[in-house]
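Undergrad: Quick one, structure for this:
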Amino acid sequence: MRRNRRVPDFFSGENFRFWLLLSFFMFFFALIVYKLFVLQVLESDALQERAKKIRSSSVELTARRGSIFTTDSKTGEITPLAINTTLYKVFVDARQFDRNGDQLTPPENLPLIAKFLSEELYTQSEFKKCLETPQSCPEGSVTEIKDEKDLLIHRTLPSYALAKQSFEREVLKKISAQKTSLIYATDVDEDILRKIEMKGIPNLFVSLGAKNVSVDLQGLTDVNKKKISEILSEFFGGDAAKIRKKFTIDRKGYVPILSRIRPEVREKILAKKQKSLQKYALVYDQYRKQKNSGADVSVPQKPFLSAIGFSPEPLRYYPENSLLSNVVGFVANGEGKYGIEKFFELHLSGHDGVLETSRDINGNSVSIQKNDSEHVQDGGDVVLTIDRILQKKVEEILDEKIEE
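TA: Numbers count the residues shown, from 1 in each chain. All right, here's what the predicted structure looks like:
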């Protein structure tokens, strides 16, 4: 007698639950494997590059340009025709006049700093220099007179008093201006830019050409602030709440005022700044003693001069003025454009370097990555065989003949 074999039913009872759970775990296991494959294989290079940008920073080291000398037949020494010097750009940290809190300067002091800078920077010699050759005026100086509504009054500088008044007005306008946009990230990969662009969030913009991500602060709602901060946190890291605090319309942290400031002018302003800070330190020390004793006293305000700073500006200087100027040539934007400056450009310019540093979680540099850094190589000097004394005499004779 044949016995019928029983076919197991995989879709009923305990078997069904077992296969359902097994399928569920296998599906999620496959999903995890796929995600790992995408992260470790397909997007590996992009993620490594992104991680490198987050944990490291680079500083470009500019090579010192070589000097040009000529020979002095009288002394046998070499005389410089083209050397490097350092002038300065004065700037104002206008944020100091924006926030409320301890030790900060109120916005009412903005006109005081504008007046101080006009007194110290826009001198009679500055006025004469801009009057004679407006093209050589330092960046930020006055070459024409405008009214308070930015309408042109004079194309030339009629008087020192008007020019100085115009300079003071321009300084006040610069330091009073508020920041209406925020460039959050630069040198961003194109694929990240396109992903952010696809989000379509108002007030959040990307520039494929400039490779940056910016936020328009005007009309930014609380809802969009939250969305934008979360997106930026997702792509660039950081706490969304801390990112959101940056979305405030305030004054600019760096406002350039005037370039090509001589070292003695800089020292004079810094001495006055130091003196005002020393006075403030005494006042603040007295305030702390009174506060600790339980007295109800107001916080002293920082002096407005504390907002002034200087940044160095390397400059090519020709100590012999017009001597051999047609031979030496000149430099524009750090590159030789004529004469020896252009012909020996590679030798004179040297090779810029890059300093790669690792950053901690707060963005502070903690160590130098020697393997990724490039050493800076300063430019070489050039010594001409032209006799300085003879050349000077020849040029004097030629000038006399031209005048005749």
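
Undergrad: C-alpha only now, for contacts and for neighbours.
TA: Will do.

Undergrad: longest helix in this structure, by residue count?
TA: helix 263-292 (DSSP state H).

Undergrad: Between helix 263-292 and the helix or strand just after that one, find me the angle.
TA: Sequence-wise, the next helix or strand downstream of helix 263-292 (DSSP states H and E) is strand 308-317. Interaxial angle, strand 308-317 versus helix 263-292 (axes from the mean of the first three to the mean of the last three C-alpha atoms, to 10 degrees): 160 degrees.

Undergrad: any idea of the mean pLDDT for strand 308-317?
TA: The average pLDDT within strand 308-317 is 86.

Undergrad: Any figure for the gap between the residue sitting nearest the centre point of the chain and residue 91?
TA: The structure's the chain has its C-alpha centroid closest to residue 254; by C-alpha atoms, centre = their mean the separation is 8.3 Å. Computed as C-alpha to C-alpha, to the nearest Å, the residue 254 to residue 91 distance reads 6 Å.

Undergrad: Equivalent analysis for residue 397, please.
TA: 46 Å.

Undergrad: Settle it for me: which of the two has more neighbours?
TA: residue 91 (19 against 10; other C-alpha atoms under 10 Å).

Undergrad: Quickly note the distance from that one to residue 183.
TA: Counting by C-alpha to C-alpha - residue 91 and residue 183 are separated by 20 Å.

Undergrad: Ok, residue 37 next?
TA: In terms of C-alpha to C-alpha, residue 37 sits 34 Å off from residue 183.

Undergrad: and what of residue 173?
TA: Residue 173 is 22 Å from residue 183, by C-alpha to C-alpha.

Undergrad: cool, and residue 210?
TA: Taking C-alpha to C-alpha, one finds residue 210 at 11 Å from residue 183.

Undergrad: Let me know the pLDDT of the residue nearest to the centre of the chain.
TA: Value listed for residue 254 in the pLDDT field: 78.

Undergrad: just residue 342 next, same as before
TA: pLDDT, residue 342: 92.

Undergrad: give me the element residue 227 is part of.
TA: Per DSSP H and E: helix 222-236 holds residue 227.

Undergrad: Would you mind giving the domain segments of the protein?
TA: 20-54, 62-178+253-403, 181-244 (automatic domain parsing).

Undergrad: First-to-last residue distance for the longest one?
TA: Across its full length, domain 62-178+253-403 reaches 44 Å between end residues, using C-alpha to C-alpha.

Undergrad: Using the three-state scheme, assign the closest residue to residue 227 other than its chain neighbours.
TA: The shortest distance from residue 227 to any non-neighbouring residue, by C-alpha to C-alpha, 6 or more residues apart in numbering, is to residue 201 (7.7 Å). Per DSSP: H, G, I helix; E, B strand; the rest coil, the secondary structure class of residue 201 is coil.

Undergrad: any idea how far residue 33 is from residue 201?
TA: In terms of C-alpha to C-alpha, residue 201 sits 32 Å off from residue 33.

Undergrad: What residues of the host helix or strand of residue 166 count as buried?
TA: Following DSSP H and E, one finds residue 166 within helix 160-176. By neighbour count with 16 or more other C-alpha atoms under 10 Å, helix 160-176 contains the buried residues 160, 163-172, 174-176.

Undergrad: and it, what does it pack onto?
TA: helix 110-121, helix 124-132, strand 145-146, strand 255-261 (3 or more C-alpha pairs under 8 Å, 6 or more residues apart in numbering; DSSP states H and E).

Undergrad: 6 Å - rerun?
TA: helix 110-121 (3 or more C-alpha pairs under 6 Å, 6 or more residues apart in numbering; DSSP states H and E).

Undergrad: got a list of contacts for the helix it packs on?
TA: Helix 110-121 has contacts (C-alpha atoms under 6 Å, 6 or more residues apart in numbering) with 168, 171-172.

Undergrad: Just the buried positions in it, please.
TA: For helix 110-121, by 16+ other C-alpha under 10 Å, it's 110-111, 113-115, 117-118, 121.

Undergrad: CA atoms only: put it into CSV for me.
TA: Only the C-alpha atoms of helix 110-121 are listed here, as CSV (Å, rounded to 0.1, in the frame of the first residue of the first chain):
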residue,chain,number,x,y,z
LEU,A,110,30.3,105.5,13.8
PRO,A,111,30.7,109.2,12.8
LEU,A,112,33.5,109.6,15.3
ILE,A,113,35.6,106.9,13.7
ALA,A,114,34.8,108.3,10.2
LYS,A,115,36.0,111.8,11.4
PHE,A,116,39.1,110.3,13.0
LEU,A,117,40.2,108.4,9.9
SER,A,118,39.6,111.4,7.7
GLU,A,119,41.9,113.5,10.0
GLU,A,120,44.6,110.9,10.1
LEU,A,121,44.6,109.5,6.5
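
Undergrad: for it, the distance to its chain's centre please.
TA: Centroid displacement of helix 110-121 relative to its chain, using C-alpha atoms, centre = their mean, to the nearest Å, is 24 Å.

Undergrad: and the angle from that helix to helix 263-292?
TA: Using the same axes, to 10 degrees, the inter-axis angle of helix 110-121 relative to helix 263-292 is 150 degrees.

Undergrad: quick one: average confidence on helix 110-121?
TA: For helix 110-121, the per-residue pLDDT averages 90.

Undergrad: next one: stretch 236-244
TA: Stretch 236-244 comes out at a mean pLDDT of 85.

Undergrad: Show me the contact partners of that stretch.
TA: 229-230, 233.

Undergrad: Could you dump these into JSON lines with pLDDT and distance to residue 141 added?
TA: Shown next, in JSON lines, are the contacts of stretch 236-244 (pLDDT from 0 to 100; distance: C-alpha to C-alpha, whole Å):
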{"residue": "229", "pLDDT": "89", "distance to residue 141": "39"}
{"residue": "230", "pLDDT": "89", "distance to residue 141": "43"}
{"residue": "233", "pLDDT": "88", "distance to residue 141": "41"}
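
Undergrad: any idea which of those is the one closest to residue 17?
TA: residue 230 (40.1 Å; C-alpha to C-alpha).

Undergrad: Next one: the closest residue to the closest one other than its chain neighbours from residue 41, what distance?
TA: Of all residues not flanking residue 230 in the chain, residue 240 sits nearest, at 5.3 Å (C-alpha to C-alpha, 6+ apart). In this view, residue 240 and residue 41 are 29 Å apart by C-alpha to C-alpha.

Undergrad: Fine, thanks again, bye for now.
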